[in-house]
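**Q** The sequence and its predicted three-dimensional model are supplied below.
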4 protein chains.
Amino acid sequence: MHVLIDVSVVPLGVGLSLSPYVAACERVFSEAGLTTRLHAFGTNVEGEWDEVFGAVKRCHEVLHAMGAPRVSTIVKVGTRTDKAQGLDDKVKSVEHKLGA
Amino acid sequence: MHVLIDVSVVPLGVGLSLSPYVAACERVFSEAGLTTRLHAFGTNVEGEWDEVFGAVKRCHEVLHAMGAPRVSTIVKVGTRTDKAQGLDDKVKSVEHKLGA
Amino acid sequence: MHVLIDVSVVPLGVGLSLSPYVAACERVFSEAGLTTRLHAFGTNVEGEWDEVFGAVKRCHEVLHAMGAPRVSTIVKVGTRTDKAQGLDDKVKSVEHKLGA
Amino acid sequence: MHVLIDVSVVPLGVGLSLSPYVAACERVFSEAGLTTRLHAFGTNVEGEWDEVFGAVKRCHEVLHAMGAPRVSTIVKVGTRTDKAQGLDDKVKSVEHKLGA
C-alpha cells in the first residue's frame, strides 16, 4: 500500500532547539530511500507503508538514543485507491486551481 | 517499545456519516487486543509499537474494503524512556493538578 | 458559528512534566464557560467559535506567563451546517454502531 | 502575539477532489495579507494571532458557502517568547544541521 505522510517530531526534555532532532529524523528518512519534502512544521514523506512507518519508528529510537527522554510525534497519513498521487501532484493540483 | 497513540480516521468520498468507519476501526483495535479509549475526536490506543501500528495499517485496509476510496488519518504518537505511563495515568495526572 | 475542537498544548523548555500546563489550560476553558472533555492526548471543547478560539489564545498567554518560552499546540476543528451535533453525540454515534 | 501555524482543511461531503477548497482557503490567507507556504499536507501561515485565526474562521465560512456541509481542520500552532522566528528560519535551521 502506497502512502503519503506528513510527520513532525517533538522531543521533550531537551530544551528549545529542536532542529538537531528534526535533522536526525530527516536523515533516517533519506537513508531509508524515501522521498521527502521539508517544511516549517514537518516533513512530507512518500513510499510504501511498511518502509515509511519503519522509518517513523526508527526516528523515535534515534531521538531517544540522542538523549530525548520523551518524543511526541504527529503523523498525518493519506492512502487512496482511486488514483496514484504523489506529494508533488498534491501541491500542483492546488497551484493549478490558483492559476499559478 | 511501548507506545501511546491517539488516532482519528477520516474516510473521504463516503458522505457525511463517518461513525460506521470509526466503529470499524475500533473493532480492529479491540480484535488486536489493544487498550482503547474513545473520545469525540478520535481514539486513544496503548500497546507495543508493532501491534499498534499494525492495527493502524489494518484500519486503512478495512476502510478501503468498506468502499472508502480515500482515507486520511491523524496519529499523535508518544514514547518515553524516563518512566512507564499508561493512558489513564496521563488523565489522572492532569485531574490531580485540577484537584479533581 | 458553533464549533467542536480537540486541543493539545505542549509547552517546550519546561522539562518533562506537562500536566501543570495542561491543567492550567483546562482552567482557562472552564472559566470561559465552555464544555470540555479531557482525554489522554488533549481536551475536547465545544462552544461558539470566538469564545473557543479566544480561550485557545488565552492558553498560550497563560503558559508563557507560567514560564514556557515556547508553546506548540495541535487543534482539530469541526464545523457543520447539516445538523447540530455536540461532543457526546459524536461518541454516542460510534458506540451505537458498536452495539454498546 | 506573533504566531506560526500549519493548517489543513478537509471539507466532507463534497467528493474526493479537495484542491478547489484548499485553493479557496489559500486565497483567504493571501487576501488577509498573510505570509504562506503551501505543501502537500497543508499550508504554513505566519502573522499576528488575531489576523491568522480570523483567516482560519473565514476559511470555514467560505468552504461552507461553497457547499461543504462539514469542514474538518487541523491547525498546528507555535508561539515563542525567547526569540523571533519566521517560517523560513525554521526550515533553514534544519537544513543547516543537514549541511545543505
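**A** Here it is on my side, so go on.

**Q** what does the lowest-mean-pLDDT helix or strand in chain A contact?
**A** Comparing every helix and strand of chain A by mean pLDDT, DSSP states H and E singles out helix A:87-97 as the least confident one, with a mean of 94. Helix A:87-97 has contacts (Cβ atoms under 8 Å, 6 or more residues apart in numbering or on different chains) with A:4, A:35, A:37, A:44, A:46, D:17, D:19-20, D:22-23, D:26, D:38-41. Every residue, glycine included, has its C-beta placed from N, CA and C.

**Q** next one: stretch A:47-59
**A** Identification of contacts with stretch A:47-59 by Cβ under 8 Å, 6+ apart yields A:1-3, A:5, A:7, A:9, A:24-25, A:28-29, A:32-35, A:45-46, A:71, A:73, A:75, A:79, B:1, B:49, B:53, B:57, B:60, B:77.

**Q** And that stretch, how far out from the chain middle?
**A** Here stretch A:47-59 is found 9 Å from its chain centre; the criterion is Cα atoms, centre = their mean, to the nearest Å.

**Q** Burial check on residue A:62, number of neighbours?
**A** Per other Cβ atoms under 10 Å in any protein chain shown, the neighbour tally for residue A:62 reads 18.

**Q** In contact with it, which residues?
**A** A:24, A:25, A:28.

**Q** Whichever of these end up buried, select them in PyMOL.
**A** In PyMOL syntax, the buried subset of the contacts of residue A:62 is picked out as below (16 or more other Cβ atoms under 10 Å in any protein chain shown):
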select buried, chain A and resi 24+25+28
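
**Q** and the longest helix along chain A, how far out from the chain's middle?
**A** Across chain A, the longest stretch assigned as helix under DSSP state H is helix A:49-65. The chain centroid and the centroid of helix A:49-65 are separated by 10 Å under Cα atoms, centre = their mean.

**Q** tell me which parts of chain A are close to chain D?
**A** Counting by Cβ under 8 Å from any Cβ of the partner chain, chain A comes close to chain D at A:4, A:6, A:8, A:16-17, A:19-20, A:22-23, A:26-27, A:37-42, A:44, A:74, A:76, A:78, A:80, A:82, A:87-88, A:90-91, A:93-98.

**Q** Would you write a PyMOL line that selects the buried entries of those?
**A** Provided next is the PyMOL selection string for whichever of these are buried by 16+ other Cβ under 10 Å:
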select buried, chain A and resi 4+6+8+19+22+23+26+37+38+39+40+41+42+44+74+76+78+80+87+90+91+93+94+97
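
**Q** Residue A:14 against residue A:22, yeah?
**A** No: using Cβ atoms under 8 Å, residue A:14 is not in contact with residue A:22; the gap is 11.7 Å.

**Q** quick one on the thing from earlier: helix or strand next in line after the longest helix of chain A, which one?
**A** Once the chain leaves helix A:49-65, the next helix or strand it forms, by DSSP states H and E, is strand A:70-80.

**Q** For that following strand, which helices and strands make contact with it?
**A** In terms of contacts (3 or more Cβ pairs under 8 Å, 6 or more residues apart in numbering or on different chains; DSSP states H and E), strand A:70-80 is packed against strand A:2-12, helix A:49-65, helix B:49-65, strand B:70-80.
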